[in-house]
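Colleague: next come a sequence and a model predicted from it.
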Amino acid sequence: MNTGLLHLHNALRWLILISLLVSIYQLYAKKDALKTSKILLISSHTTLLLGLYQYFFGPVGLKMIQAAGMGVAMKDATTRFWAVEHISSMLIAIVLITIGHISYKKTQNGSKTTIFYVIALLLIVLAMPWPFREGIGRPWFPGMAH
């Protein structure tokens, strides 16, 4: 079950990235971005739920902290990434996406929403376990080898 949830979590990152980029473009071009913003909101919250499940019940995350202890976990770059950096950055990014979506829905002010989305995009890109990242890399697509 963990493998399937991890693959779904991995696949949804592409939906988030694409809908985030499309939303930013639409907001910048002053087009209606409500539909793509809603897709972004739903996919990011679904991914968050999958990620939280993996963090608390999967082999990466809380179990790494419990096994090594917080002091040791913070000294090891791989453990620190999975136990602290990835989840923290993604939580902040999803909060920004949520605030941006609500703001756009209420005010239709694209410039304010664009700022939230751009910051969220930067956080997501920096905290993703890209395949080329030593020790933490995950495949480009679910089920692929590194």
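Modeller: Done, it's in.
Colleague: for stretch 71-80, buried residues please.
Modeller: In terms of neighbour count (16 or more other C-beta atoms under 10 Å), stretch 71-80 has its buried residues at 73, 79-80. C-betas here are computed from N, CA, C, even on glycine.
Colleague: what residues are up against residue 107?
Modeller: Going by C-beta atoms under 8 Å, 6 or more residues apart in numbering, residue 107 touches no other residue.
Colleague: what's the distance between it and residue 86?
Modeller: Here the distance between residue 107 and residue 86 works out to 32 Å (C-beta to C-beta, to the nearest Å).
Colleague: repeat that for residue 13.
Modeller: Where residue 86 is concerned, residue 13 sits at a distance of 12 Å (C-beta to C-beta).
Colleague: mind listing the strands for this structure?
Modeller: With DSSP state E applied, the chain shows no strands anywhere along its length.
Colleague: and residue 67, how far from residue 60?
Modeller: In terms of C-beta to C-beta, residue 67 sits 11 Å off from residue 60.
Colleague: so between these two, which is more surrounded?
Modeller: When residue 67 is set against residue 60 and neighbours are counted by other C-beta atoms under 10 Å, the residue ahead is residue 60, at 19 against 11.
Colleague: okay, residue 6: pLDDT?
Modeller: The predicted local confidence for residue 6 comes out at a pLDDT of 87.
Colleague: ok, now which ones touch it?
Modeller: If a contact means C-beta under 8 Å, 6+ apart, then residue 6 has 54, 58, 142 as its contacts.
Colleague: would you reformat those residues as CSV and include pLDDT?
Modeller: Rendered in CSV, the data for these read as follows (pLDDT from 0 to 100):
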residue, pLDDT
54, 92
58, 86
142, 72
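Colleague: skip the chain neighbours and tell me the closest residue to the residue nearest the centre of the chain.
Modeller: With distances taken as C-alpha atoms, centre = their mean, the chain has residue 90 as the residue nearest its mean C-alpha position (4.4 Å). Distances taken as C-beta to C-beta, 6 or more residues apart in numbering place residue 127 nearest to residue 90, at 5.8 Å, with adjacent residues excluded.
Colleague: what number of residues lie near the one you found?
Modeller: Using other C-beta under 10 Å as the criterion, residue 127 is surrounded by 18 other residues.
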